[in-house]
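In: okay, here's the prediction I keep looking at, along with the sequence it came from:
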Amino acid sequence: MEERLQKLLSAAGVCSRRAAEDYIEAGRVTVNGRVAVLGDKADLSRDTVALDGVELGPVPEPVYLMLNKPRGYVSTLSDEQGRKTAAELVADCGVRVWPVGRLDLDSEGLLFFTNDGALTHKLLHPSHQVDKQYLVLVTGDIEAALPVLSGPMALDGVLLAPAQVDRLGPNLLSVVIHEGRNRQVRRMCAQAGLTVKALRRVREGSVQLGGLKLGTWRHLTQEEVDQLRQM
């Protein structure tokens, strides 16, 4: 079956689709020895696709992981500043996987990793509105902040969907959003006059972080994978 080269490269675990487009435009991808261009398709059952002269191997089995990311790690595969990456914590899983979305350097909690490009796109695309729940330790006038956080808010001139905010303790909030703009929960709290002392993502969709130890990972169960696919 013919598929676009970006999808084949991503499915083979070589790179993301966006990176694949850059590689194709740079002339680094060939199909049967011919330099490929954007829009080209191939069928790995009959065609030879190579990146920098290295042929694509068989498409690996899909892998789905959950990491409890600690603070101090960036949610990228590599970092130009030499900071520790969350990818280092799942490097022993045996295959190339990438993070689904991000948690900022100072945040911790649930972060998915996979080599499934289709599921990655589904979870990240705004149209799917996947809920993300955060536990947020804050200081400030919480009573005054609650109606602000639950009401209409905007970041970078873009109106946000209403957040679900509940007070769980004297200084502890549960915040549920489904957009995922850069440092969104922290910036929302700042607009409401609160200072975030700690932030942890504990749920995405219906999948819970649970009691997974900080800094460790596990494979998602088939039930959890199915739940993510159905969202």
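Out: Perfect, I can see it now.

In: contacts and neighbour counts: CA atoms only from here.
Out: OK.

In: quick check, distance from stretch 48-66 to the centre of its chain.
Out: Offset of stretch 48-66 from its chain centre (CA atoms, centre = their mean, to the nearest Å): 20 Å.

In: start to end distance for that stretch?
Out: 34 Å (CA to CA, to the nearest Å).

In: what comes into contact with it?
Out: Residues outside stretch 48-66 that contact it (CA atoms under 8 Å, 6 or more residues apart in numbering): 9, 11-13, 23, 28-33, 42, 97, 110-116, 209, 217-220, 225.

In: and the residues you listed, which are buried?
Out: 9, 11-13, 23, 28-31, 42, 97, 110-116, 209, 217, 219-220, 225 (16 or more other CA atoms under 10 Å).

In: pLDDT below threshold where in the chain?
Out: 13, 58-59, 126-128 (pLDDT under 70).

In: let me see the domain layout of it.
Out: 3-55, 64-126+207-230, 131-204 (automatic domain parsing).

In: could you give the bridge partners of residue 66?
Out: For residue 66, the beta-bridge partners are residue 112, residue 218 (DSSP bridges).

In: repeat for residue 74
Out: residue 85.

In: who's in contact with it?
Out: So residue 74 contacts 83, 84, 85, 86, 103, 104, 105 (CA under 8 Å, 6+ apart).

In: if you set the cut-off to 7 Å instead, what comes out?
Out: Counting by CA atoms under 7 Å, 6 or more residues apart in numbering, residue 74 makes contact with 84, 85, 86, 104, 105.

In: I'd say the third one and residue 72 touch.
Out: No: assessed by CA atoms under 7 Å, residue 86 is found out of contact with residue 72, at 9.1 Å.

In: nice, that's everything, thank you.
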